[in-house]
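Could you work out the structure for the sequence below:
(one chain, ligands or ions: 1)
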Amino acid sequence: MRIVNVGICGIGTVGSGVFNVLSRNLTEINSRANCQINISQIACRKDNPDIDATSTHVTRDIFDVAKNPDINIVVELIGGTTIAYELVMMALKHGKHVVTANKALIAEHGMSIFEEAESRGLLVCFEAAVAGGIPIIKSLREGLSANRINWLAGIINGTTNFILSEMDAKGREFSDVLAEAQMKGYAEADPTFDVEGIDASHKLAILASIAFGMPLSLDGLFTDGITKLEPQDVSYARELGYAIKHLGIARKSLSGVELRVHPTLVPEQCLIAGVNDVSNAVMVNADSVGTTLFYGPGAGSEPTASAVIADIVDVARTMDSYPDSWVPPLGIPSQSLQSLSIMNIENVETGFYIRFSALDKPGVLSTVTTIMGDAGISIEAIIQREQPAGESYVNVIILTNVTKEKYLDEAVKHIEELDTVRGYVNFIRVEYLDQA
Ligand code: HSE
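Got it, this is the predicted structure:
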């Protein structure tokens, strides 16, 4: 049987998962790959007690793997975008196929990596870069290849979903849940990538590029995290019949492409509203199939390893075939990708949830609703909380109909200028997805 030698760089959470799943399921994996997959080298800064690497050659220098003449596939699991980029480019220059789970690397340097790979007749695969164990890249690129994709929306960061679910269901503190996500190996090395939405923006850029056939780019992608969310917003949203989810949304319309990552109110009856813990889910709406939903674990050692190994199997099975028969990294040949105009967030249309603190006296609410009306915004629901004894301000929550963000910004500015309103107006976008 043909032998395919694999070198794994990085043996942390994902790397150890790849090593263990490959060792455990090797017979089945070899049958599927129609060859014998052999982990011939591992590069790691320090040994990982979660794996038994006694029969594998271990090096402390990742570049040894990129240069090793016996290796066919380099698996990059070190993360980051500087050394990882050097490693991947060196591996390609030495004629190795590459598998990576690194979304930041693909989102920022994917185009030059693919160009290098294409010029050398090599494969670069990155299924594990988006939505952990869910085979969303393969589904978009191959399973939905008949379709024009209209939009996709997903929970694509497991850590933020875990935090929001725990805050919602158990009223836990943000920092306490984040620490647990770190302990479980869900969070990035720098967890601000998770909670500020940067990790999700890398993943959204990859999904949108495949969905709409455009080059990878983070330009114009609007990114907001979950750090400004308050527990009271999670419970007010519930009172109104919504869950708050951190979504990545890409939508193509005649006005351009929307690319945005932010906390979002979604109706409770929408399937994605019930996706909790570290799970991810991506909805894809396309012209022929309608709306599909891809659901599963979005982070963690073995779920992510499942996606990495699927790529290893793909490469091992196809690497000796003619490159014209390979599926290009972004679904279509790079010369056919087309740059599309990305919409400024101020022109994007959504519903809005707004919350502010207002003096409890006659006429205040009517002034606010007049401001909203003047901005052309219609109101769907209002909640006014009874003030605690001795408190003269009350919390007001308003749900608006769909409007352009710039009209909402204008109304918010006027509301904040009122003497009867204290502090800032907080707002969160609302999406109806397939419930519209
Ligand atoms: N930190 C990422 C997440 C890991 O929480 O989703 C998987 O990409």
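
Nearest residue to E173 in space, please, no chain neighbours.
M167 (7.9 Å; Cβ to Cβ, 6 or more residues apart in numbering). Bear in mind the C-beta positions are built from the backbone N, C-alpha and C, glycine included.

can you check E115 too?
The nearest residue in space to E115 (Cβ to Cβ, 6+ apart) is S334, at 6.8 Å.

separation between that neighbour and the ligand?
Here S334 is placed at a distance of 25 Å from the ligand (Cβ to the nearest ligand atom, to the nearest Å).

and if you look at E166?
From E166 to the ligand the distance is 14 Å (Cβ to the nearest ligand atom).

same check, this time on Q36
Distance from Q36 to the ligand, by Cβ to the nearest ligand atom: 30 Å.

Then L122?
Taken as Cβ to the nearest ligand atom, the span from L122 to the ligand is 24 Å.

cool, S306 as well?
13 Å.

Report how many residues lie close to that residue.
22 (other Cβ atoms under 10 Å).

I figured it hits V21, correct?
Yes. Counting by Cβ atoms under 8 Å, a contact exists between S306 and V21, whose distance comes to 6.8 Å.

For the nearest residue to V234 once chain neighbours are set aside, which residues are in contact?
Of all residues not flanking V234 in the chain, D168 sits nearest, at 5.0 Å (Cβ to Cβ, 6+ apart). D168 makes contact with 234, 238, 243-244, according to Cβ atoms under 8 Å, 6 or more residues apart in numbering.

Buried residues, the helix or strand containing D168. List them.
Per DSSP states H and E: D168 is located in helix 158-170. By 16 or more other Cβ atoms under 10 Å, the buried positions in helix 158-170 come out as 158-168.

Toward the C-terminus, what is the element adjacent to that helix?
helix 174-183.

Is there proximity between the following helix or strand past that following helix and the ligand?
Using DSSP H and E, the next helix or strand after helix 174-183 towards the C-terminus is helix 192-195. Yes. Helix 192-195 reaches the ligand (Cβ under 6 Å from any ligand atom) through D194.

Determine the set of other helices and strands touching helix 192-195.
helix 158-170 (3 or more Cβ pairs under 8 Å, 6 or more residues apart in numbering; DSSP states H and E).

In contact with W151, which residues are there?
249-252, 284-285.

10 Å instead, please
For W151, the contact set (Cβ atoms under 10 Å, 6 or more residues apart in numbering) comprises 208, 211-212, 249-253, 257-258, 283-286, 291, 431, 433-434.

Over to E180?
So E180 contacts 159, 162-163, 166, 172, 186-187 (Cβ under 10 Å, 6+ apart).

again, but for G213
With Cβ under 10 Å, 6+ apart, G213 has these contacts: 148-149, 330-332, 336-338, 340.

got any ranges where the stretch 301-436 of the chain has weak pLDDT?
435-436 (pLDDT under 70).

which stretches of it form helices?
Secondary structure of the stretch 301-436 of the chain (DSSP state H, counting those that start in this stretch): helices at 301-318, 364-374, 405-417.

Stretch 268-277 and the ligand, any residue contact?
No. Stretch 268-277 is not in contact with the ligand by Cβ under 6 Å from any ligand atom; minimum separation 11.2 Å.

before we move on, back to that, isn't the residue nearest to E173 up against H246?
No. Contact status for M167 versus H246: not in contact, 11.6 Å apart, counting by Cβ atoms under 10 Å.

shared neighbours of the two, which are they?
Common contacts of M167 and H246 (Cβ under 10 Å, 6+ apart): 226, 229.

isn't I272 right up against I155?
Yes. The criterion here is Cβ under 10 Å, and I272 meets it with I155 at 6.5 Å.

re the thing from before, for the helix holding D168, list the C-alpha coordinates in CSV.
Presented in CSV, the C-alpha positions along helix 158-170 are these (Å, rounded to 0.1, in the frame of the first residue of the first chain):
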residue,chain,number,x,y,z
GLY,A,158,-17.4,28.5,20.2
THR,A,159,-15.9,30.5,23.1
THR,A,160,-18.3,33.5,22.8
ASN,A,161,-21.3,31.1,22.3
PHE,A,162,-20.2,29.3,25.5
ILE,A,163,-20.0,32.6,27.4
LEU,A,164,-23.3,33.9,26.1
SER,A,165,-25.1,30.5,26.8
GLU,A,166,-23.8,30.3,30.4
MET,A,167,-24.7,34.0,31.1
ASP,A,168,-28.2,33.4,29.7
ALA,A,169,-29.0,30.0,31.3
LYS,A,170,-27.1,30.3,34.6
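
Show me what secondary structure element comes after the one helix or strand A107 maps to.
With elements taken from DSSP H and E, the one containing A107 is helix 103-120. The C-terminal neighbour of helix 103-120 among helices and strands, as given by DSSP H and E, is strand 124-125.

List of residues touching that following strand?
Under Cβ under 10 Å, 6+ apart, the answer for strand 124-125 is 73, 75-76, 88, 91-92, 97-101, 106, 110, 113-114, 116-118, 137-138, 307-308, 310-315, 327-329.

how far out from the middle of the chain is it?
Distance of strand 124-125 from the chain centroid (Cα atoms, centre = their mean, to the nearest Å) equals 18 Å.

Run me through the strand neighbours of it, direction for each.
As defined by DSSP bridges, the strand partners of strand 124-125 come to strand 97-100 (parallel).

quick one: buried residues of stretch 418-431?
Quick answer for stretch 418-431 (16+ other Cβ under 10 Å): 418, 420-421, 425-431.

whoops, I mixed them up, stretch 70-78
71-78.

Domain map for the chain?
Listed by automatic domain parsing, the domain ranges of the chain are 3-132+301-336, 141-297, 349-430.

what's the first-to-last distance across the second one?
Going back to what we said before, that points to domain 141-297. 20 Å (Cα to Cα, to the nearest Å).

cool, and the longest one?
Between the start and the finish of domain 3-132+301-336 there is a gap of 35 Å, counting by Cα to Cα.

Helix, strand, or coil at A237?
On the three-state scheme (DSSP: H, G, I helix; E, B strand; the rest coil), A237 is labelled helix.
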